[in-house]
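Undergrad: just need the structure, nothing else, for what follows:
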Amino acid sequence: MPDLDPRDTWREECGVFAARTSRPTDLATLAQLGLFALQHRGQESAGITVSNGREVRTHRGMGLVAQVFDEAGISRVRASDLTGVLGHVRYSTTGSSRIENAQPVTLRCSKGMLALAHNGNIVNARPLRDRLMAGGFTFQTSGDTEVMANLIASHADVDTVEATVRAMGEVEGGFTVGLLDEQRVLGLRDRHGVRPLLLGRIEDHTWIIASEPAAIEVAGGEVVRDVNPGELVVLEERGPRSVQALQPTPAPCSFEYIYFARADSRLDGTDVHAARVRMGEQLWREAPVEADVVIGVPESGLAAAIGYSRASRIPYDIGLLKSPYAGRTFIQPTQALREEKVRLKLAATSAVAGKRVVLVDDSIVRGTTSAKIVQILREAGATQVHFRVSSPPLKFPCHYGIDIDSRKHLIAADHSVEEVRRQIGADSLHHLSEAGLRAAIGARTGLCLACFNGEYPAGEPAEADKLALERR
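TA: Model prediction:
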């Protein structure tokens, strides 16, 4: 699912990186490296908070990590005596895209300075926020991250760890959180484990929590394990300790495996690239077709296309080229120019000329981009285009950190597969079944499939609107 029409794609979520060290370490640079590895999870803003055990400093800015943390930016948080660091890259799924909502969010309370960053959504943020405001708490942002921070601060009679445990029992939704105070770093995962979080280390002196393995590895560390659903990991000077704060009922997000996570990630025991290849193999078993070549939509459809080719023994080839220069900042003032961005970003190769083509992608959102891709292939000489999708039809919004909040944005919500096929102009169309997706991921626990079947394991918000908190 390439980023072509901005209304025709799932938008990424956020990425969290945090570390605690017991010896002099350039933690600011570690966080910078970790955020580079998580850049795919959010491109709107970036921030780093550091602690030296006595004071907390933060630098945040709008834009990519390289823009926010150039030499001047990283110098604002770099020091030789740091003990803790918390970093974040954001794509807004609650609250608008502005500097006030950039993370980490910081506040001063009875526990000293707290900094908090998170990935996902708290679905009961509004009633919690109303309760906190009635109790005298003020809010500087319109995001749900500050709700969690103030909720922890509201438990003034206990330390940060116990206050966080209490807060975990009050919030609902799918999220992971990194938290830093003057002495320690905390990482937590909701009871369902909807969003990923991992624990890593550099030798025996620096411990890391991060949204994906690559962020740990690029910082020179090794992955130790996944943080468990409902678990709170506390990184202190003597090392990590674990608190199982909530009874786990695992339901990790299936779209992490389909699209969001980096292909080199291993999440909750599942190799992401291998799972995507298996999705393509399962697609062939569910929807075989006579064809001459299999191609994938770059980059998200390539692994499943390889799997379809292997299972079918139909040759795989590079049928679409993606320009690296038609980026997200390209402005499309009219619908016609928005549609032409597809041609700017994707071009067909001679591999499809005179061929019956199997085109593999990870999903169809609105369908406008898919229709344009099919048209590009036909104009390049494809005699047939058989569309195969490595996920079930997207019919419901995500409330756990992906910016599709309404069914009106999803073509499959009120159109049959056959109707969608006609709209995108394909000769045939087939989506991977839910059973096939489960088998391909091979999850040892449950999965969140809410965007396919409307069954939300971590609850639903009373008002599905990312800007709801801006009206209070």
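
Undergrad: do a quick rundown of the strands in the stretch 1-150 of the chain.
TA: 14-21, 45-51, 56-62, 84-90, 105-109, 112-122 (DSSP state E, counting those that start in this stretch).

Undergrad: pick the most buried one from the ones you listed.
TA: strand 84-90 (a mean of 31; mean count of other CB atoms under 10 Å). Every C-beta, even on glycine, is put in place using the N, C-alpha and C of the backbone.

Undergrad: and that strand, C-alpha only, in CSV?
TA: Output in CSV follows, covering the C-alpha atoms of strand 84-90 (Å, rounded to 0.1, in the frame of the first residue of the first chain):
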residue,chain,number,x,y,z
GLY,A,84,18.2,8.2,31.1
VAL,A,85,16.7,9.1,27.8
LEU,A,86,13.3,8.9,26.1
GLY,A,87,12.7,9.5,22.4
HIS,A,88,9.6,9.6,20.2
VAL,A,89,8.6,10.0,16.5
ARG,A,90,5.0,10.9,16.0
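
Undergrad: got the angle between that strand and strand 45-51?
TA: 170 degrees (axes from the mean of the first three to the mean of the last three CA atoms, to 10 degrees).

Undergrad: follow-up on the earlier one: tell me which of the strands of the stretch 1-150 of the chain sits nearest to residue 222.
TA: strand 14-21 (13.3 Å; CB to CB).

Undergrad: mind listing what the closest one pairs with, with the direction of each?
TA: strand 84-90 (antiparallel), strand 206-210 (antiparallel) (DSSP bridges).

Undergrad: as CSV, those with distance to residue 268 and mean pLDDT would be great.
TA: Converted to CSV, the strands paired with strand 14-21 look like this (distance: least, CB to CB, whole Å; pLDDT from 0 to 100):
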stretch, distance to residue 268, mean pLDDT
strand 84-90, 22, 96
strand 206-210, 14, 98
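
Undergrad: what's the closest of the ones you listed to residue 244?
TA: Across the strands paired with strand 14-21, closest to residue 244 is strand 206-210 (CB to CB), at 15.9 Å.

Undergrad: got the contact list for the helix or strand following the closest one?
TA: Beyond strand 206-210 on the C-terminal side, the first helix or strand identified by DSSP states H and E is helix 213-218. Residues external to helix 213-218 that are found in contact with it (CB atoms under 8 Å, 6 or more residues apart in numbering): 15, 17, 33-38, 198, 200, 208, 210, 222-223, 262, 264-267.

Undergrad: just the buried residues from the residues you listed, in ChimeraX please.
TA: ChimeraX command restricting these to the buried ones, with burial defined by 16 or more other CB atoms under 10 Å:
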select :15,17,33,34,35,36,37,38,198,200,208,210,223,262,265,266,267
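
Undergrad: so how far is residue 227 from residue 409?
TA: 31 Å (CB to CB, to the nearest Å).

Undergrad: looking at these two, which one has more neighbours?
TA: residue 227 (22 against 16; other CB atoms under 10 Å).

Undergrad: neighbours of the closest residue to that one other than its chain neighbours, just the number please.
TA: Using CB to CB, 6 or more residues apart in numbering and skipping residues adjacent in sequence, the residue nearest residue 227 is residue 197, 4.2 Å away. Residue 197 has 27 neighbours, counted by other CB under 10 Å.

Undergrad: and residue 197, what is it in contact with?
TA: Per CB under 8 Å, 6+ apart, neighbours of residue 197: 16, 176, 187, 188, 189, 209, 210, 211, 226, 227.

Undergrad: what's the weakest-modelled helix or strand in the protein?
TA: helix 335-345 (a mean of 68; mean pLDDT, DSSP states H and E).

Undergrad: buried residues in stretch 215-233?
TA: 215-219, 221, 223, 226-233.

Undergrad: with just CA atoms, put that stretch into PDB.
TA: Extracted in PDB, the C-alpha atoms of stretch 215-233 (Å, rounded to 0.1, in the frame of the first residue of the first chain):
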ATOM      1  CA  ALA A 215      15.900   0.600  17.100                       C
ATOM      2  CA  ILE A 216      17.800  -1.600  19.600                       C
ATOM      3  CA  GLU A 217      20.100  -3.100  17.100                       C
ATOM      4  CA  VAL A 218      21.100   0.200  15.400                       C
ATOM      5  CA  ALA A 219      22.000   1.500  18.800                       C
ATOM      6  CA  GLY A 220      24.500  -1.400  19.200                       C
ATOM      7  CA  GLY A 221      22.300  -3.500  21.500                       C
ATOM      8  CA  GLU A 222      20.800  -6.900  21.300                       C
ATOM      9  CA  VAL A 223      17.100  -7.800  21.800                       C
ATOM     10  CA  VAL A 224      16.400  -9.600  25.000                       C
ATOM     11  CA  ARG A 225      12.600 -10.200  24.600                       C
ATOM     12  CA  ASP A 226       9.200  -8.700  24.000                       C
ATOM     13  CA  VAL A 227       7.600  -6.800  26.800                       C
ATOM     14  CA  ASN A 228       4.600  -8.800  27.700                       C
ATOM     15  CA  PRO A 229       1.000  -7.600  27.500                       C
ATOM     16  CA  GLY A 230       0.100  -5.900  30.700                       C
ATOM     17  CA  GLU A 231       3.700  -5.700  31.900                       C
ATOM     18  CA  LEU A 232       5.600  -2.700  33.300                       C
ATOM     19  CA  VAL A 233       9.400  -2.900  32.900                       C
END
